[in-house]
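In: Fold the stuff below for me.
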Amino acid sequence: MKIGILGGGQLARMMAASGIPLGMEFVFVDPAADACAGAYGHLLTAEWDQAPSLEDLRGCDRISCDFENVPAEVLDALVEIAPVRPGPNAFAAAQDRLTEKRLFQRLDIPVPPFAEVSSRADLLEAIDAIGLPAVLKTRRFGYDGKGQAVLRSKEDLEPAWRALGGRDLILEGWIDFHHECAITAVRGADGSIVCYPLSWTVHADGILRLALAPAPVAPKLESRAHELVGRLLSELDYIGCLTLELFATDQGLVANEFAPRVHNSAHWTIDGSVTSQFENHLRAVCDLPLGNTAMRGQALMLNWIGQVPPMEDFLRVPGLRWHDYGKSARPGRKVGHATLVAEDRRDLEAGLVGIVDLVDDQTASLLKGEMTPLG
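Out: Numbers count the residues shown, from 1 in each chain. As a prediction, this is how the structure comes out:
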């Protein structure tokens, strides 16, 4: 079976790595000629609006994405070539934060207070209604902390307004959360749903740095996350892998956003689960039975941001698995990750001790801070 993937980054690369053993072939479409997934299939260098006319995609049996900002209208056109999974409706919902928040609201999925902002007057009115602190965001194209500004006082309003372009914005109330978490689930074409254990996620500068699974939370919180993501999957008639990012608060779980694709917070599933999120996404897309999401123990994933550190000393840590994406170094860029897998929390903590002295100061600080939930 031949799969067309819009996007040729590390997510497409890891999808292909899991699909090739299943006999799948891959065609990637990406504007970058050096897209790292190219090592695993045929790479077509093209802008997104050219995708519907690319003849190479006409031989594909299924089309999917590794990037949620592929224009929904492009996906609508590709439906004429092959089944697009997840469907264009899911991308249309995820690509606009206002549409996304309204969808959550309609499904009774808790969200921060929010307001549409299209003018300075709208912003002042929204601040009066929601209060400060708050977060002003672009409605489209924001990820990894981009396209947003924290407003702590009225002096922050004008600089944020100018920095974010002054239109098509959304203001969201500040959430006082205990921790962040993410639930990754897969829905098959037959409507069956499987969930991975909840991931405890830690960000710095808007970028995911650590993901711990299973998250050390009460069972009722995990059940609630499963319930919320199930509502979303069913409403969208979704096929494939989806991650719902959440804040854990005194009032319960509050939704931040969802991603209609495989997701960074569940990269640990490659080494830490019986069936990875990448393989299960492809199984769903191709009408195959979904695989077992049970964990192989405990897992902690560390993202490599900017550049991949020397791996020799890391590989001496028992249970550590290494993933280099083959991307050039660049500040703020996700270039690889490592996953520490252990039978239990005690062994995971022992492995952490061997890692802390090897990572950069920021990651070391985050790791030391996360040792409390490990205990």
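In: Poorly predicted segments of the protein, please.
Out: Within the chain, the ranges that satisfy pLDDT under 70 run 142-145, 370-375.
In: Now do the helices in it.
Out: 10-19, 72-78, 88-94, 97-106, 120-130, 157-163, 219-235, 269-272, 277-285, 345-356, 361-374 (DSSP state H).
In: Single out the most deeply packed of these.
Out: Comparing the helices of the chain by mean neighbour count (mean count of other Cβ atoms under 10 Å), helix 277-285 comes out on top with a mean of 28. Where you see a C-beta, it was placed from the backbone N, CA and C, and this is true even at glycine.
In: I'd like the C-alpha coordinates of that one written as CSV, please.
Out: Taking Å, rounded to 0.1, in the frame of the first residue of the first chain, the C-alpha atoms of helix 277-285 are listed here in CSV:
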residue,chain,number,x,y,z
GLN,A,277,1.4,6.0,17.9
PHE,A,278,3.0,6.0,14.4
GLU,A,279,2.1,2.4,13.6
ASN,A,280,-1.4,2.8,15.0
HIS,A,281,-2.0,5.9,13.0
LEU,A,282,-1.1,4.0,9.8
ARG,A,283,-3.2,1.0,10.9
ALA,A,284,-6.2,3.3,11.3
VAL,A,285,-5.6,5.2,8.0
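In: Contacts for it next, please.
Out: 3, 11, 14-15, 17-19, 22, 24, 62, 64, 85, 184, 186-189, 194, 196, 239-241, 261-263, 266-267, 269-270, 275, 288-291, 293 (Cβ atoms under 8 Å, 6 or more residues apart in numbering).
In: List the contacts of the residue lying closest to D313 once chain neighbours are set aside.
Out: Using Cβ to Cβ, 6 or more residues apart in numbering and skipping residues adjacent in sequence, the residue nearest D313 is L358, 5.4 Å away. Contacts for L358 (Cβ under 8 Å, 6+ apart) come out as 309, 313-314.
In: what is Q298 paired to in the beta sheet?
Out: Under DSSP bridges, the beta-bridge partners of Q298 are A342.
In: Pull the contacting residues for it.
Out: 213-214, 272, 341-345, 347-348.
In: at 7 Å instead, please
Out: 342, 344-345, 348 (Cβ atoms under 7 Å, 6 or more residues apart in numbering).
In: Need the buried ones from the contacts of L358 selected in ChimeraX.
Out: Applying 16 or more other Cβ atoms under 10 Å to the contacts of L358 leaves a buried subset, and the ChimeraX line that selects it is:
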select :309,314
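In: before we move on, back to that, list only buried entries from the contacts of helix 277-285.
Out: By 16+ other Cβ under 10 Å, those give 3, 11, 14-15, 17-19, 24, 62, 64, 85, 184, 186-189, 194, 196, 239-241, 261-263, 266-267, 269-270, 275, 290-291, 293 as buried.
In: Among the residues you listed, which lie within strands?
Out: Among those, the residues falling in strands (DSSP state E) are 3, 62, 64, 184, 186-187, 194, 240-241.
In: what separates the most centrally placed residue in the chain from D56, distance-wise?
Out: The centroid of the chain falls nearest to H263 when counting by Cα atoms, centre = their mean (3.3 Å). Relative to D56, H263 is positioned 27 Å away (Cβ to Cβ, to the nearest Å).
In: swap in D313?
Out: Distance from D313 to D56, by Cβ to Cβ: 43 Å.
In: what does L11 give?
Out: Relative to D56, and taking Cβ to Cβ, L11 is found at 20 Å.
In: quick one on the thing from earlier: dump the residue contacts of the residue nearest to the centre of the chain.
Out: 182, 184, 243.
In: and these as TSV, adding distance to E47?
Out: Formatted as TSV, the contacts of H263 follow (distance: Cβ to Cβ, whole Å):
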residue	distance to E47
A182	30
T184	30
T243	27
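In: what's the closest of those to D76?
Out: Checking these against D76 by Cβ to Cβ gives T243 as the nearest, at 23.3 Å.
In: Just give me the neighbour total for that closest one.
Out: 24 (other Cβ atoms under 10 Å).
In: Name the nearest residue to it, ignoring sequence neighbours.
Out: Excluding its sequence neighbours, the residue lying closest to T243 (Cβ to Cβ, 6+ apart) is H263, at 3.6 Å.
In: That neighbour and T363: what is the separation?
Out: 20 Å.
In: so what are the domain limits for the protein?
Out: The record's domain split for the chain, according to automatic domain parsing, is 2-84, 113-173, 179-374.
In: end to end, how far does the first one reach?
Out: Going back to what we said before, that points to domain 2-84. One end of domain 2-84 sits 13 Å from the other (Cα to Cα, to the nearest Å).
In: Likewise for the second one?
Out: Using Cα to Cα, the span of domain 113-173 from its first residue to its last is 5 Å.
In: pretty sure P71 is touching W48, no?
Out: Yes - with contact defined as Cβ atoms under 7 Å, P71 reaches W48; the gap is 5.7 Å.
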